[in-house]
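1. give me the fold of what follows.
(one chain, ligands or ions: 2)
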Amino acid sequence: MRLSQMLFVTLREDPAEAEIPSHKLLLRAGYIRRIGSGIYAYLPLMWRVLQKVSQIVREEMNATGAQECLLPQIQPAELWRDSGRWDTYTKAEGIMFALIDRQNRELGLGPTHEEVITAIAREMIRSYRQLPTHLYQIQTKFRDEIRPRFGLMRGREFIMKDGYSFHTDEESLKKTYQDMDKAYRNMLKRCGLAFRAVEADSGAIGGSGSQEFMILADAGEDEILYTEDGKYSANVEKAISMPTEAQPSPFKVYEKLETPETQTIATLCTVMKCSPTQVVKNVLYQAVYDNGMTVLVLVNIRGDQDVNEVKLQNELEKLAHRYQSKTLMALSVPDADSQNKWASKPLPLGYIAPDLADDYIQSLQDIAPKFLRLVDKTAVPLTNFVTGASENGYHVVGANWGEQFPLPELVVDVRKAMAGDRSLHNPNQTLQSARGIEAGHIFQLGTKYSQAMGATYTSEQGEELPLYMGCYGVGVSRVAQAAVEQSYDQDGIIWPLAIAPYHAIISVPNISDSKQMEVAEKLYQNLNQAGVETLLDDRNERAGVKFKDADLIGIPYRIVTGRSLKEGKVELVERATHQSQEIAIEQVISTLKNSLETALN
Ligand code: ATP
Ligand code: MG
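-> Ligands and ions are numbered 1, 2, ... in the order given. You can find the predicted model right below:
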């Protein structure tokens, strides 16, 4: 491609809308344009990158025996009602764009394709002889994200590879899951990315687990906890660990004390000269179930610990049946407005006791009349602890479970693991923290969707059984931007060779110099013919502008047909290192072909 003929516009200044380096650079270098919130145009250079990432993904998927297909983006609501997800996706989470057609039928724009693929399996898979089987597609997904941001990282329209596998049993599912683990590692390695596979939260689906692939970058939205020995790594949402030891309590006698201005654990501990490990903290949440029932949840946890809301959500999901509900719709810390809706009197915020009385809850139709009381494992062994007195400005000390406060029946693990905690597999290993961008997620779904949607097969013994399923997603457009987040400098993007839009760019310092143009044209033809994807910067611009642009768009090799032509040479500059060498014109092709071969194989 000749730059003179390309729609090629670069910006000198950082666009105001962009916060992180990769987003700024992709906009400045003319790879993407924002069309609306979370909606981007992929311009020709970006499209080449996306196609390269897609191709790597495709090759690795095909190598496992998975088959590519293309599923509809417009999905009938009935399928989502069958699986029980229509309301959650269109109302509770509200992540699905829903619409009504001219026949008044409800439709959704596909945020994911479990329903569509399970409907296909329901009709097409009859016998164990057809199993296992695995279909995937590479396609645009639509999600009405609450906070679209960082360009392609969290778009409302983005490209994903999603695959779905079907099996007779768990063992077969596990095998494909392992194959996917390998395939995903290969994909990210081939894209030239540094990443970490981590244990991930499987949410309400349960099953025997899921794994995320995190591209390491400071701008990552996810926190990863891992140990140096490489034996443990998990998303913080899922991570488990041993908390630090609690210090023995200095309070031997139970008493209620006036403790003004001690709403936070930090102020309380300063005033009481105690350790937060001697405090039972009582945290209030508000859960809304799918039948509209609001449940007030009181969690007791050790003072130095925080509640992991993902773990709490999973616990509340398990308790849905207690409220005649199927699923949890929302979890939040009740703000003043929502407290006004249900509280019968002002809550002693900052001073709540573990036995906060149920009469704080007004008797209302859609509000559970009692607090759902959960105690985290860290709070259970505490003795002579400090906690709120359910009276503003007062705490109690020297309290014990079973004496002043009944221990809640529901003992749960909802604590958030933290950097510095001891690891469970080896207490000498402490958890370290890193930030990551979730590039992919692989999942053992089990029979959740097949059961909900009646997708069964006939086993060898003639039994009608639900299909076992797995699903596997990679964010193709997110991966492409994450590559920039991992690889740039003050001059611009540094693409890994495997996914660079072009391998090389020939910059002609002076297009009116016929010798420069002649050599450039020839190299341009021959390099492309030899499979070295090459751009020709034949614009009527100053050399300095061309070099700046070449650096900004991040093409791995720059060839300059400049001064050294006299000696039959051109300058070859490596983008990543800025290292430059003069090489004979005849050697350009073999040199670049060699570099390509070493880097790509
Ligand atoms: P996240 O937690 O980041 O919202 P997710 O758990 O919703 O991701 P999945 O449903 O597992 O993601 O989708 C598979 C992959 O698609 C993710 O690993 C990610 O790479 C990509 N992805 C998800 N949402 C977006 C988005 N809004 N924009 C770009 N890529 C996305
Ligand atoms: Mg999401």
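2. please count neighbours and contacts with C-alpha atoms only from this point.
-> Will do.
3. how many residues are close by the closest residue in space to residue 52 that isn't next to it in sequence?
-> Closest residue to residue 52 apart from its sequence neighbours, by C-alpha to C-alpha, 6 or more residues apart in numbering: residue 499 at 5.4 Å. For residue 499, the neighbour count with other C-alpha atoms under 10 Å is 22.
4. quick check, residue 499 in contact with residue 53.
-> Yes - if you go by C-alpha atoms under 8 Å, residue 499 and residue 53 touch, sitting 6.2 Å apart.
5. so what sits against both of these two?
-> Shared contacts of residue 499 and residue 53 (C-alpha atoms under 8 Å, 6 or more residues apart in numbering): residue 191.
6. count the neighbours of the closest residue to ligand 1 within the stretch 501-601 of the chain for me.
-> Taking C-alpha to the nearest ligand atom, ligand 1 has its nearest neighbour within the stretch 501-601 of the chain at residue 501, 19.8 Å off. Counted with other C-alpha under 10 Å, residues neighbouring residue 501 total 26.
7. likewise for residue 596?
-> Per other C-alpha under 10 Å, the neighbour tally for residue 596 reads 16.
8. contacts only, for it.
-> For residue 596, the contacting residues are 497, 532, by C-alpha under 8 Å, 6+ apart.
9. could you pull up phi and psi at it?
-> Phi and psi for residue 596, reported as degrees, to the nearest 10, are phi -60, psi -50.
10. wait, residue 109 sits on residue 100?
-> No - contact criterion C-alpha under 8 Å: residue 109 and residue 100 do not qualify, at 11.0 Å.
11. give me the more crowded residue out of the two.
-> Using other C-alpha under 10 Å as the criterion, residue 109 and residue 100 rank with residue 109 on top: 20 against 12.
12. can you give me the strands in the stretch 101-250 of the chain?
-> Under the criterion DSSP state E, counting those that start in this stretch, the stretch 101-250 of the chain contains strands at 106-109, 133-142, 157-167, 195-199, 210-216, 222-226, 233-235.
13. ok so, going back, list the contacts of the residue of the stretch 501-601 of the chain closest to ligand 1.
-> Residues near residue 501 by C-alpha under 8 Å, 6+ apart: 45-46, 48-49, 52, 555.
14. so which of the residues you listed is the most crowded?
-> Neighbour counts for the contacts of residue 501 (other C-alpha under 10 Å) peak at residue 555, which has 26 neighbours.
15. residue contacts, it?
-> So residue 555 contacts 494-495, 500-505, 575 (C-alpha under 8 Å, 6+ apart).
16. and the contacts of stretch 251-258?
-> Stretch 251-258 is touched from outside by 384-385, 389, 393-399, with contacts defined as C-alpha under 8 Å, 6+ apart.
17. show me the two of those that sit farthest apart.
-> Largest separation among the contacts of stretch 251-258 by C-alpha to C-alpha: 384 and 393, giving 19.7 Å.
18. next one, pLDDT for the residue nearest to residue 52 please.
-> Here, the pLDDT recorded for residue 499 equals 98.
19. ligand 1 versus that one, what's the distance?
-> Distance, residue 499 to ligand 1, by C-alpha to the nearest ligand atom, to the nearest Å: 17 Å.
20. can you report phi and psi for that residue?
-> Backbone dihedrals for residue 499, given as degrees, to the nearest 10, come out at phi -120, psi 10.
21. for it, what are its contacts?
-> If you count contacts by C-alpha under 8 Å, 6+ apart, then residue 499 has 49-50, 52-53, 191 around it.
22. swap the cut-off to 10 Å and go again
-> Taking C-alpha atoms under 10 Å, 6 or more residues apart in numbering, we find residue 499 in contact with 48-56, 190-192, 480, 483.
23. residue boundaries of the helices in the stretch 101-250 of the chain?
-> Taking DSSP state H, counting those that start in this stretch as the test, the helices found in the stretch 101-250 of the chain are 114-124, 170-190.
24. just so I know, which of those helices lies nearest residue 226?
-> With C-alpha to C-alpha as the measure, helix 170-190 is the member of the helices of the stretch 101-250 of the chain nearest residue 226 (17.6 Å).
25. so which elements touch the closest one?
-> For helix 170-190, the packing partners by 3 or more C-alpha pairs under 10 Å, 6 or more residues apart in numbering; DSSP states H and E come out as helix 44-63, strand 157-167, strand 195-199, strand 210-216, strand 432-446, strand 468-475.
26. anything in the fifth one near ligand 1?
-> Yes - against ligand 1, strand 432-446 shows contacts by C-alpha under 6 Å from any ligand atom at 438-441.
27. got a list of what the spatially most central residue of the chain touches?
-> When C-alpha atoms, centre = their mean is applied to the chain, the residue found nearest the centroid is residue 438 (3.5 Å). Residues in contact with residue 438 (C-alpha under 10 Å, 6+ apart) are 153, 195-198, 212-216, 220-223, 235, 474-475, 478-479, 482.
28. okay, and the beta partners of it?
-> Beta-bridge pairing for residue 438 (DSSP bridges): residue 214.
29. how near is it to residue 20?
-> As judged by C-alpha to C-alpha, to the nearest Å, residue 438 and residue 20 stand 16 Å apart.
30. what does residue 244 give?
-> 35 Å.
31. re the thing from before, per-residue pLDDT, the residue nearest to the centre of the chain?
-> Note on residue 438: pLDDT of 97.
32. same deal with the one 4 residues further on?
-> In this model, residue 442 is scored at 97, pLDDT.
33. again with residue 122
-> On pLDDT, residue 122 comes in at 97.
34. please name the residues that touch the nearest residue to it once chain neighbours are set aside.
-> What sits nearest to residue 122 in space, not counting adjacent residues and going by C-alpha to C-alpha, 6+ apart, is residue 455, at 4.2 Å. Taking C-alpha under 10 Å, 6+ apart, we find residue 455 in contact with 118-126, 447, 449, 464-468.
35. please redo it, this time with the cut-off set to 7 Å
-> If you count contacts by C-alpha atoms under 7 Å, 6 or more residues apart in numbering, residue 455 has them with 118, 121-122, 466-467.
36. just among these, which is most surrounded?
-> When neighbours are counted by other C-alpha under 10 Å, residue 467 leads the contacts of residue 455 with 30 neighbours.
37. rewinding a little: relative to residue 296, which of the helices of the stretch 101-250 of the chain is closest?
-> helix 114-124 (32.5 Å).
38. so which bits of that closest one are buried?
-> Residues of helix 114-124 classed as buried: 114-119, 121-122 (neighbour count, 16 or more other C-alpha atoms under 10 Å).
39. again with stretch 196-212
-> Neighbour counts over stretch 196-212 (16+ other C-alpha under 10 Å) mark 196-203, 205, 207, 209-212 as buried.
40. do stretch 280-300 as well
-> For stretch 280-300, by 16+ other C-alpha under 10 Å, it's 280-290, 293-300.
41. pull the residues that contact that stretch.
-> Residues contacting stretch 280-300 (C-alpha under 7 Å, 6+ apart): 301-303, 325-334, 352-354, 366-368, 371-376, 379, 385-387.
42. which bits of this structure sit near ligand 1?
-> 152-156, 158, 160, 438-441, 473-475, 478.
43. can you pick out the most distant pair from the residues you listed?
-> Farthest pair in these, by C-alpha to C-alpha: 156 and 441, 18.3 Å.
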